[in-house]
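In: Turn this into a structure:
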Amino acid sequence: MSASAMRTLLANLSITGLLPAFTARAVVIAGGDGLGNTNAPSDNPGWANVGQFNTGQNSAVYLGNRWVLTAWHVYSNDHPTQVRFGSTWYNLESNSWTRITNSSGTYADMILVRTETAPPLPDVTLRSSTIPNNAQLVMIGNGRQRHPTNSYWNAAWQETNAAGAVYTGFKMTTGFLQQRWGLNVIDNAFKSVNIIDGYFMVTTTSFRVTFDADAGPDEAQAVIGDSGGAVFYKSGGTWELVGMMFNVGTETGQPWPNVVVYGNRSWVANLTTPVYYNQLAAAIPEPGTVAMAALAFFVVRTLRRLRRRLMANGDWSDRGPSDLADGT
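Out: Numbering: from 1, shown residues only. The predicted model follows:
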């Protein structure tokens with residue numbers, strides 16, 4: 001597939017894995033040799049809830065209740081049958097694939113699928129309100145690996161030195177490493193934008209982050225393989241899932257996907273969009289629903305124990321409903 005065929009109206013490129021299959025991938029980070037951040041951060045937003053499919057090796061997010069979220073183009077290209085969280089593979093229910101729709105009824109670049117058995121993972125917390133301005137985000141995915149040192153290009157995308165550079169960034173390797181996390185900050189002017197993918201012909205309400213130079217060693221950029229990866233935001237003391245990576249914005253003429261430069265953009269499906277939030281929240285139990293179910297179970301169990309006690313004493317028939325509360 002040529003880069004021109006993948007361009008969107010906003011010069012975005014999908015980040016599905018259209019390369020030979022490898023065992024793992026990770027988001028690109030700016031610092032050091034690029035090999036860091038392959039373990040959960042000390043303040044863990046949901047590292048274990050991000051996984052990888054068996055075909056294409058793109059990313060996935062475990063929401064809860066056996067439901068997994070990824071990009072629709074991942075399913076369209078790769079038709080995975082298993083997903084891996086940690087070191088364990090889980091079979092997918094082939095008839096459970098469910099596309100996410102926009103408020104207009106059209107499809108977004110997101111899809112849900114259910115595992116046959118439940119991974120031992122917590123449910124994510126979905127955010128229903130708008131992401132604040134300048135919010136710092138944690139991006140987790142399984143994207144392609146970069147070279148360990150900077151490279152430089154002139155305006156015609158010919159390699160040059162630092163003095164002659166118009167673009168600075170990294171060439172990409174053909175190998176892939178483990179899952180990786182990185183940081184970025186939401187672009188306030190692009191918090192709720194309808195992104196039209198010109199190749200897959202779907203529109204997704206999204207927010208944007210930019211790969212900035214001198215933003216710190218953990219500064220992150222989505223690359224090939226990160227489609228379906230998670231983006232988290234910490235509100236108070238709670239980590240919330242706010243986005244899913246699916247698209248990349250590049251510079252004109254940039255030799256994607258073999259080059260990543262500062263100024264590139266990561267486009268993220270905005271899961272706080274009401275129509276998206278409602279569909280995802282319907283797939284996993286609300287905390288209040290779980291609490292009420294636990295309370296109901298406790299009440300029923302208590303009443304059953306009381307009934308057995310009263311029957312053993314031979315006086316069940318003499319007690320009315322008001323007496324049950326006094327028998328504990």
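In: All the helices of the stretch 1-150 of the chain, residue numbers only.
Out: 3-6, 72-78 (DSSP state H, counting those that start in this stretch).
In: Flag whichever of the ones you listed has the least confidence on average.
Out: Looking at the helices of the stretch 1-150 of the chain, the lowest mean pLDDT belongs to helix 3-6 (a mean of 31).
In: And the residue nearest the centre of the chain, how far from Trp153?
Out: The residue lying closest to the centre of the chain (CA atoms, centre = their mean) is Ala230, at 2.1 Å. Taking CB to CB, to the nearest Å as the measure, Ala230 falls 31 Å from Trp153. Every residue, glycine included, has its C-beta placed from N, CA and C.
In: Then Leu121?
Out: Distance from Leu121 to Trp153, by CB to CB: 42 Å.
In: What of Tyr107?
Out: From Tyr107 to Trp153 the distance is 37 Å (CB to CB).
In: How about Trp256?
Out: On the measure of CB to CB, Trp256 and Trp153 end up 13 Å apart.
In: Looking at Tyr107 and Trp153, which one has more neighbours?
Out: Taking other CB atoms under 10 Å, Tyr107 and Trp153 do not tie; Trp153 has more neighbours (22 against 17).
In: Now do the more buried one, the pLDDT please.
Out: pLDDT, Trp153: 96.
In: Run through the bridge partners of it.
Out: Glu159, Tyr167 (DSSP bridges).
In: Tell me who's in contact with it.
Out: Counting by CB atoms under 8 Å, 6 or more residues apart in numbering, Trp153 makes contact with 159-160, 165-169, 259, 261.
In: Looking at those residues, which one is closest to Asn188?
Out: Of all these, the one sitting nearest Asn188 is Val261; the distance, using CB to CB, is 22.3 Å.
In: tally of neighbours for the closest residue to Thr106 other than its chain neighbours?
Out: Leaving aside its chain neighbours, Thr106 sits nearest to Thr203 (6.3 Å; criterion: CB to CB, 6 or more residues apart in numbering). Counted with other CB under 10 Å, residues neighbouring Thr203 total 17.
In: Make sure Thr203 is actually in contact with Ser103.
Out: No. Using CB atoms under 8 Å as the test, Thr203 is too far from Ser103 to be in contact (10.8 Å).
In: Kindly report the domain assignment for this protein.
Out: 3-283, 287-324 (automatic domain parsing).
In: Which one of these has the poorest average confidence?
Out: Among the domains of the chain, domain 287-324 carries the lowest mean pLDDT (a mean of 38).
In: Tell me the helices and strands packed up against the longest strand along the chain.
Out: The residue-count maximum for a strand in the chain (DSSP state E) belongs to strand 238-249. Helices and strands touching strand 238-249, by 3 or more CB pairs under 8 Å, 6 or more residues apart in numbering; DSSP states H and E, are strand 12-14, strand 59-64, strand 107-114, strand 136-141, strand 202-210, strand 230-235, strand 265-270.
In: Can you give the contact residues for the helix or strand following it?
Out: As assigned by DSSP states H and E, the chain's next helix or strand after strand 238-249 is strand 259-261. Strand 259-261 is contacted by residues 28, 146, 151, 153, 157, 167-172, 211, 221, 223, 251, 254 when judged by CB under 8 Å, 6+ apart.
In: Of those residues, which is the nearest to His79?
Out: Val223 (22.1 Å).
In: excluding its backbone neighbours, what's nearest that closest one?
Out: Gly143 (4.0 Å).
In: now swap in Ser151 and tell me
Out: Nearest non-adjacent residue to Ser151 (CB to CB, 6+ apart): Lys171, at 5.1 Å.
In: Quick one: list the elements packing against the helix or strand harbouring that neighbour.
Out: Lys171 is located in strand 167-171, with elements delineated by DSSP H and E. Other elements packing on strand 167-171 under the criterion 3+ CB pairs under 8 Å, 6+ apart are strand 151-153, strand 259-261.
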